[in-house]
Every structure is written in C-alpha cells, then in structure tokens.
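# prediction below, plus the sequence it came from.
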Number of protein chains: 2
Amino acid sequence: MPPVKLSTASELEALVNKFDTFLFDCDGVIWRGRTLISNVPETLDMLRKRGKRLIFVTNNSSTSRRDYVKKFADLGIQASVDEIFSSAYATAVYLHDVIKFDTSKKAYVIGGSGIRQELEDVGITTLGHDDNRSVSLATLAEIEPSDDIGAVVCGIDYDISYRKLATAHVNLTQNPDCLFIATNDDRTLPGGKHMYPGTGSLLNVLAHSTQKSPLVMGKPNAPMLECVIKKYHLDPSRSCMVGDRLDTDILFGIKGGLSTLCVLTGVADEAAILSSNSPQATYYISSLGDLAQLS
Amino acid sequence: MPPVKLSTASELEALVNKFDTFLFDCDGVIWRGRTLISNVPETLDMLRKRGKRLIFVTNNSSTSRRDYVKKFADLGIQASVDEIFSSAYATAVYLHDVIKFDTSKKAYVIGGSGIRQELEDVGITTLGHDDNRSVSLATLAEIEPSDDIGAVVCGIDYDISYRKLATAHVNLTQNPDCLFIATNDDRTLPGGKHMYPGTGSLLNVLAHSTQKSPLVMGKPNAPMLECVIKKYHLDPSRSCMVGDRLDTDILFGIKGGLSTLCVLTGVADEAAILSSNSPQATYYISSLGDLAQLS
C-alpha cells in the first residue's frame, strides 16, 4: 500500500488512537540542528496527556542517556532517562539482557564516554579508553590479545588511536569467542557546516583488517529495535516509528514490524516518500507539530 | 606458458644474461624477518660485478629510503639510496615527476616520517603530522577544508587521530581538485608474533566516508612500477621482478610487462606457483641464493 498522507484533524485523531507507543528519531523530527521544530513540545505534551509511551531512538553513541536528557532540557523538552534509547544503551541492553554477556569478561571499547558509561551501568567492565600511548613498528609486538576480553565494541571515537585499533584487531583475530559489536554504521556524522567520518567509516578499519563483520545495533539495523521491544515489552502492532529518513528510520520500523510515520521536516520530501523505490512508510504528515492541534 | 623451474648452472647463467635490471621484493627474498637468506649477499655481489642494476621495491611507507639503507647495512648488505624504491618514494616520484604536482599546494599526510621526508625532499610541503589535538562533537566544526591542500596522502600511521581523518575527509569532499593517494593497500602488516591493521585497512575509513577510491601506488598496483620505469628509464623486456608472493610481487611484475622470477624462500610454494589459478611467474628457483654459484 502506498504511504497515506494524514492532514485533517480526524485523520490525526485516528492515528493517535491506533498506537500506545510512539518511537521518535530526533534530528529532523524533534529538532533541526539546534532549533526545535514548531509545535513539537505541544505535540509531545498532548501524547503524554493521553497516556502514550514516548521513546526517543538515536544512533548517537557518544552521549550517555543522562547527558541526552540534558540536551532535551536545554531545548525546552522534558524527557526522562527511560525515554531515551541510544545505540550505546542498546549495546548495553543487548549484551546484558539479550545474550547475557559473561561479566567476568571485559569489553574493549573503541568509543567515547557514552558507551563506557552505559556498559559500566549494567556491570560490564570496559577497557581501552586510555589506550593512546604512541606505538611504532618496533613496539607493535607489545600489543597482545587477552583472554579477559569477551567483546570489542566500536562506536564514534574522537580519541581513536592505532594502539586501540591494533588491540581490537588482535583480540578479534586471536580470541575465537570475542564478539564484534558496533553501535551503528552511519557513514558520516554532521558537525556544523560539514559532514565528518562516522562510526560506520571508523569500524571499516577492523572490518577490513579482520575480514569480520560486526553486529550493528543502530538504525536501520534490527538489533536496536529488538532491544527496545524486549526492554519495554512493546506490542509492535500498537507501536509507531516516527522519522524523517526513509533509509534509516522508516526502514528500521519496517524491519521491526511497526507502523511508520514519515515527517517532511527533515531529509525526505513527498516525492521520495511516494517513490516505489523507497522503503514504504505507512503514513506521512508535514510535521510532527501538526498533531499539536489535538487536545 | 607455465612457470619454468631453473636449477642448473647453465639455466641460471641464461637467466642472468637475459636481463639488465633485477627488481627485488625484500621480505621472503632477501631476508626473512631479521635473518638474511643464505648466499643472498654473494648473489647481489655477483649481479653487481656483472653490471646489473639492482632495485629493491618495498611497500613499506613508514621508513625513508635513507633509513632503509641503514636497515640493509645492519643486515650486512651494502645498498645505496638510489637502489631503494619504497611506496613512500613512489608517491613522491608520482607527484613530482609523473603528474607535476603544483608545489604551491600542500600534501595532507596521514602517515609517518618516511612519507613526509620523501615528499619534502622533492619540494612538496606536508601538513598533518602534529594534528593530534583532541576533538569533540562541539569542536568538530573547527575542522575546515583548505584550498592550499592539493592532495591527501595516506600510508601507515601509528599516530592516526580523528582530527587527521576528519581533516582529510573534508578536503577530499570539499576541494574538488584534491587528489587521494595511498602508498599501498596492504590489509595487514606483520609486527612480531601477530598481524596488525595495515595501510589498506586504515585508508578504508576515508574510502568509505568519502565514497572515493584512492590511487594506490604500491604492489600489486601498477603506479609504483610505472614510477620505477620512468625514474630509471627501464626497458621492461630487459627487467625481471623477483618476489616470493604471487598475488603482490609477481602480479606487480606482470602488470608492468616485466618477466618475473618467484623464489621459494617466502610465502609461495611450488604447488601455488604451478597452480593455473595463480598469477603465472615466468620462472622460479628455490632461493635467490642459488645464483651465488655463478661468478
């Protein structure tokens, strides 16, 4: 079925009544850059007043959920830690709740404090955050695999180093049981005027050197949504994924068996939404703020 | 034609007489790890006495040719800077001699002192070697492209940093004329007991983030041999590439239109050499040291 455009109050009312849970991508849906999208706070208030569960799903792995709540507050939106589901948190949930990671083993992290904090919060010891000492061809042999390491976790790392990459490499190639997990595979990330290399580009060093593919948690891959469903006991038929990008947000919802709502305040335009070559959203609206007219 | 095994003195004599120039891979041909292969110094002396030109071709980009000469001397082999052709030097020859790089522009280098020294020696200013200052999402926007940068050169870099990768990325994506050159694309490099990520793995960050492919100088790619031929005015029909690896050394010689000689002191064994699925060497011998019996 082609995506259905919703615009009248009764159409929007029917949408809201159809779901118990709304999952939101943030950039392009809630805000653009550092600016809130009009009427979105009012929409979120309306949904909360009606008892809907709200979950903000982000591929961001550099910020902990606690810091993400502060970012929401700075923009004038009240949100709780429980409403934030980042790819870093998804990694922690996956290791702790889904596969019951043996916590006598440690996770070697290429990534920032967001990942480390989420993993430590579920009782997983992390290694690697200060592995920045210089290395040379003569001292490479110091870098040895360790049986203690049960997983290599790769996210965005602004302090990436050859020592970290080499340590991850020898563990992935020499420890047969070492897991290889990536928070997300975003090729680039926005940083003001320009785009910069994202986690999906950094992890390619290891994917190529080890000839192994990581399990990728974040959108559009399925594991993060599986973690959301498990953590919140979601009924996919009563849940709706809201996003602005067809190839990440909408595809992510489709893979999880959710209904999807695409907004026009971000990347996708109406022509892209209606193209039969794109992942097919269930519904689309001009802006999440449109829902604010409901009371 | 299948590879021809050479073993009698007259066969070896005919081989030597057929060529004016011998190009050598080093590890597995001249030495293994830190040990010279038997009778190789005597073979090199014999070839020199007969007026042959010797060229040592290495994908190594971290060591300058001057330092490589010291490595030869430490192993008891006299060689001159002119006899060493590294992928770092090939990059300098390519930029300076082949494409006449505009030296009012600079090269942004992800790599070690070997590359920087070779580029500076041909008059190309290099940037990037101290770009290790910490960066965060908040300060990413500081990293801007510069019209001064005419090439991004990528080799092995034990001091790789996110700032370097991000700077290379914005120049490759924002400067339409910025060249993208890699010294080699070796997936891994040996460092004692283990293998570690090689240049070919590191450069994948940028290849993926920019969706651009670098021009790769080193074996088995053709540009390094084109630089050797140009620099020494070689006649390919009177030149022989000697190596121990079919998929790098021998393929490299074949691509350049040279005859090739595979030795059994390194990676390839006789079955691999004779397999019709492998690049076909012209000749093979058990060891380069076999030639020492000629006077």
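Everything's here; your move. Just so it is clear, the model here is predicted, and its values are computed rather than measured.
# enumerate the helices of chain A by residue range, in sequence order.
A:9-18, A:40-49, A:65-74, A:87-93, A:113-121, A:162-174, A:199-202, A:204-210, A:222-232, A:251-255, A:270-274 (DSSP state H).
# model confidence for residue A:193, exactly?
Residue A:193 is assigned a predicted lDDT (pLDDT) of 85.
# which residue packs closest to it, ignoring adjacent ones?
residue B:141 (6.2 Å; CB to CB, 6 or more residues apart in numbering or on different chains). C-beta: built from backbone N, CA, C; applies to glycine.
# contacts only, for that neighbour.
When contacts are counted by CB atoms under 8 Å, 6 or more residues apart in numbering or on different chains, residue B:141 is found next to A:191-194.
# go again using 10 Å as the cut-off
A:190-194, A:196 (CB atoms under 10 Å, 6 or more residues apart in numbering or on different chains).
# could you do residue A:222 as well?
Residue A:222 neighbours (CB under 10 Å, 6+ apart): A:216, A:229, A:251-252, A:255-257.
# redo these as JSON lines? Include pLDDT, distance to chain B and neighbour count.
Formatted as JSON lines, these follow (pLDDT from 0 to 100; distance: CB to the nearest CB, whole Å; neighbours: other CB atoms under 10 Å in any protein chain shown):
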{"residue": "A:216", "pLDDT": "97", "distance to chain B": "14", "neighbour count": "24"}
{"residue": "A:229", "pLDDT": "92", "distance to chain B": "29", "neighbour count": "18"}
{"residue": "A:251", "pLDDT": "96", "distance to chain B": "20", "neighbour count": "22"}
{"residue": "A:252", "pLDDT": "96", "distance to chain B": "21", "neighbour count": "27"}
{"residue": "A:255", "pLDDT": "94", "distance to chain B": "22", "neighbour count": "17"}
{"residue": "A:256", "pLDDT": "93", "distance to chain B": "26", "neighbour count": "19"}
{"residue": "A:257", "pLDDT": "95", "distance to chain B": "30", "neighbour count": "13"}
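# residue A:20 contacts residue A:55, correct?
No - counting by CB atoms under 10 Å, residue A:20 sits too far from residue A:55 to count as a contact (11.2 Å).
# could you list the domains of chain A?
Chain A breaks down into these domains under automatic domain parsing: A:4-59+A:220-293, A:101-216.
# wait, which of those is closest to residue B:204?
domain A:101-216 (4.1 Å; CB to CB).
# you'd agree residue A:221 is up against residue A:199?
No - counting by CB under 10 Å, residue A:221 does not reach residue A:199; the two are 11.9 Å apart.
# more neighbours, those two?
residue A:199 (29 against 21; other CB atoms under 10 Å in any protein chain shown).
# the more buried one: what's it in contact with?
A:59-62, A:87, A:110-111, A:154-157, A:182-189, A:214, A:216, A:218.
# hmm, back to that, identify the farthest-apart pair in the contacts of residue A:222.
A:216 and A:257 (18.9 Å).
# picking that back up, out of the domains of chain A, the one nearest residue B:45 is which?
domain A:101-216 (28.8 Å).
# related to what we said a few turns ago, pick the most buried one from the helices of chain A.
Comparing the helices of chain A on average neighbours per residue, with mean count of other CB atoms under 10 Å in any protein chain shown, the densest one is helix A:87-93 at a mean of 29.
# still on that earlier bit, shared neighbours of residue A:221 and residue A:199, anything?
A:59, A:87, A:182, A:184-185.
# got TSV for the residues you listed, with distance to residue B:244 and pLDDT too?
Listed next are the shared contacts of residue A:221 and residue A:199 as TSV, based on distance: CB to CB, whole Å; pLDDT from 0 to 100:
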residue	distance to residue B:244	pLDDT
A:59	45	92
A:87	44	95
A:182	36	98
A:184	41	96
A:185	37	94
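# out of the residues you listed, which comes closest to chain B?
Proximity of the shared contacts of residue A:221 and residue A:199 to chain B (CB to the nearest CB) peaks at residue A:185, which lies at 9.6 Å.
# so where's chain A uncertain?
Within chain A, not a single segment meets pLDDT under 70.
# from the centroid of it, which residue is nearest?
Among the residues of chain A, the one closest to the centroid is residue A:59, at 2.4 Å (CA atoms, centre = their mean).
# near chain B, from the shared contacts of residue A:221 and residue A:199?
With CB under 10 Å from any CB of the partner chain as the criterion, those include residue A:185 near chain B.
# among the shared contacts of residue A:221 and residue A:199, name the ones in strands.
Taking DSSP state E, the ones among the shared contacts of residue A:221 and residue A:199 that sit in strands are residue A:182.
# coming back round to it: out of the contacts of residue B:141, which are buried?
Buried by 16 or more other CB atoms under 10 Å in any protein chain shown: A:191, A:194, A:196, out of the contacts of residue B:141.
# now the residue nearest to residue A:260 when sequence neighbours are not counted: how far from residue A:240?
Nearest non-adjacent residue to residue A:260, counting by CB to CB, 6+ apart: residue A:253, 3.9 Å away. Residue A:253 sits 8 Å away from residue A:240, going by CB to CB, to the nearest Å.
# so which bits of stretch A:73-85 are buried?
A:75, A:77, A:79, A:83-85.
# now that stretch - C-alpha only, CSV.
The C-alpha coordinates for stretch A:73-85 follow below in CSV (Å, rounded to 0.1, in the frame of the first residue of the first chain):
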residue,chain,number,x,y,z
ALA,A,73,16.1,20.1,28.7
ASP,A,74,18.3,22.7,27.1
LEU,A,75,15.9,22.7,24.1
GLY,A,76,12.9,23.0,26.5
ILE,A,77,11.7,19.4,26.3
GLN,A,78,11.3,17.4,29.5
ALA,A,79,12.3,13.8,29.0
SER,A,80,13.4,11.1,31.3
VAL,A,81,16.3,8.7,31.0
ASP,A,82,13.9,5.9,30.5
GLU,A,83,12.5,7.5,27.4
ILE,A,84,15.9,7.7,25.7
PHE,A,85,17.2,4.7,23.7
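# ok, the closest residue in space to residue A:13 that isn't next to it in sequence to chain B distance?
Spatial nearest neighbour of residue A:13, chain neighbours left out: residue A:294 (6.0 Å); criterion: CB to CB, 6+ apart. Residue A:294 sits 35 Å away from chain B, going by CB to the nearest CB, to the nearest Å.
# likewise residue A:86?
With distances taken as CB to the nearest CB, residue A:86 is found 14 Å from chain B.
# ok, residue A:136 - how many residues close by?
Applying other CB under 10 Å, we find 12 residues neighbouring residue A:136.
# what about the residue nearest to residue A:13, distance to residue B:237?
82 Å.
# neighbour count winner among those two?
Ranked by neighbour count (other CB under 10 Å), residue A:294 and residue B:237 place residue A:294 first, with 17 against 11.
# is it true that the more buried one touches residue A:52?
No - judged on CB under 10 Å, residue A:294 makes no contact with residue A:52 at a distance of 11.4 Å.
# overlap in contacts of the two?
What both residue A:294 and residue A:52 touch, as defined by CB under 10 Å, 6+ apart, is the set A:16, A:46.
# re the thing from before, mind putting the contacts of residue B:141 into CSV with distance to residue A:95?
As requested, these are arranged in CSV below (distance: CB to CB, whole Å):
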residue, distance to residue A:95
A:190, 28
A:191, 29
A:192, 33
A:193, 36
A:194, 33
A:196, 28
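# still on that earlier bit, among the buried ones among the contacts of residue B:141, which lie within strands?
Per DSSP E, those map to strands at residue A:196.
# closest to chain B among the buried ones among the contacts of residue B:141?
residue A:191 (3.1 Å).
# quick one: that closest one and residue A:62 touch, right?
No - taking contacts as CB under 10 Å, residue A:191 lies outside contact range of residue A:62: 11.3 Å.
# how about residue A:228, what does it touch?
Counting by CB under 10 Å, 6+ apart, the residues that residue A:228 touches are A:21, A:23, A:55, A:57, A:85, A:89-90, A:93, A:234, A:239, A:241, A:252, A:256, A:258.
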